[in-house]
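*Asks:* here is a sequence together with a model predicted from it:
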Amino acid sequence: MTERSLPWLQSGFDLEGIVGFLAGWLIGILLGMLWGPLFWIGFIPGVVILFATRTAERVSPEDGALILAPCDGAVVSIEEADPPEPLGLVGPHRRIRISSSPFAANNIHAVTEGAIEHTEREMGAAENFAALRPDTPGLEVLYFSLTGAIGKVGMRVATGGLGPRLVSKADAGDHVPAGKTIATRRLGGWCDVYVPLGGAPQVEPGRTLVGGETAIWRYGAVAAVPEPDVVEEEEPTELDADYLATPDPTPP
């Protein structure tokens, strides 16, 4: 399943997720032998573990002017904001805020090709299991600063504070291609992308994103709105010229 050997399978599960699900299922069976309803005490946590390890392989577009979605989810807002201090970005930037459900794939992708300049982690508090709001104190947060062809871009990835929910797969100094998985995040959360002012959005609030594939920003171009067609006036033909040159026979 992880290698997507089945053509209709769009995602897979990490090995630890499959093992966790089977363990929960087995515990549920053993408890169910004592009393039927106890089966769910083991089975439901096994399903949660399985979805917490859902992963997917993505094919990223090869265009250095694009900023890609870092994760699966939906665009919440696009606005100008000051980046968090750990990102080391100076001045206002454009922030694209993305929300991911607990059932989204857990991959966090590099939004552009470049070098990772800085990473930083903030440990979460166990009482904040669900990341209902992006700025709730006590969330587990991971920061990435990347320098690419378009300049410096920042990523803030947040999730609940209970359990090992965020795992970094890249270090400062690594050169990563656009779309590469640089972290995993389990059971959803939030992701803010900070891009330099300029360029144009390729999505709007409410748009569903595919991590590592959907373009959310482009430099050196206008917004992704088709321009109206320009209708060129046709040159008058000889017949039209003769008609226009003919005096109007209607008396004044």
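*Replies:* On my side now, so go ahead. All values reported here derive from a predicted model rather than from experimental measurement.
*Asks:* where do the helices sit along the stretch 51-200 of the chain?
*Replies:* Secondary structure of the stretch 51-200 of the chain (DSSP state H, counting those that start in this stretch): no helices located.
*Asks:* which residues in it form strands?
*Replies:* Here the stretch 51-200 of the chain has its strands, by DSSP state E, counting those that start in this stretch, at 54-55, 66-68, 73-81, 93-100, 107-109, 114-122, 140-148, 151-159, 166-168, 175-176, 181-185, 189-195, 200-201.
*Asks:* which helix is the longest one in this structure?
*Replies:* Ranked by residue count, the top helix of the chain under DSSP state H comes out as helix 15-34.
*Asks:* now that helix: mean pLDDT?
*Replies:* Averaged over helix 15-34, pLDDT sits at 79.
*Asks:* residues in contact with that helix?
*Replies:* Contact with helix 15-34 is made by 1-2, 13, 38-47, 49-54, as judged by CB atoms under 8 Å, 6 or more residues apart in numbering. Bear in mind the C-beta positions are built from the backbone N, C-alpha and C, glycine included.
*Asks:* circling back to that earlier point, mean pLDDT lowest for which of the strands of the stretch 51-200 of the chain?
*Replies:* When these are compared by mean pLDDT, strand 54-55 comes last with a mean of 78.
*Asks:* note down every partner strand of it and its orientation.
*Replies:* Using DSSP bridges, the strands paired with strand 54-55 are strand 12-13 (antiparallel).
*Asks:* before we move on, back to that, filter the contacts of helix 15-34 down to the buried ones and express that as a ChimeraX selection.
*Replies:* In ChimeraX syntax, the buried subset of the contacts of helix 15-34 is picked out as below (16 or more other CB atoms under 10 Å):
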select :13,38,39,42,43,45,46,49,50,51,52,53,54
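*Asks:* mind checking pLDDT for Glu238?
*Replies:* 53.
*Asks:* before we move on, what about Ala223?
*Replies:* 51.
*Asks:* one more: Asp135?
*Replies:* So, for Asp135, pLDDT stands at 90.
*Asks:* give me the number of residues near the spatially closest residue to Ala81 that is not a sequence neighbour?
*Replies:* Leaving out its chain neighbours, the residue that sits closest to Ala81 by CB to CB, 6 or more residues apart in numbering is Arg95, at 4.2 Å. Other residues near Arg95 come to 18 when the count uses other CB atoms under 10 Å.
*Asks:* I figured Arg95 was touching Val193, is that so?
*Replies:* Yes. Here Arg95 reaches Val193: they are 7.1 Å apart, a contact under CB atoms under 8 Å.
*Asks:* run the chain-centre distance for the longest helix of the chain.
*Replies:* Relative to the centre of its chain, helix 15-34 is centred 32 Å away, using CA atoms, centre = their mean, to the nearest Å.
*Asks:* buried set for it?
*Replies:* For helix 15-34, burial by neighbour count (16+ other CB under 10 Å) applies to Gly17, Ile18, Gly20, Phe21, Gly24, Trp25, Ile27, Gly28, Leu31, Gly32.
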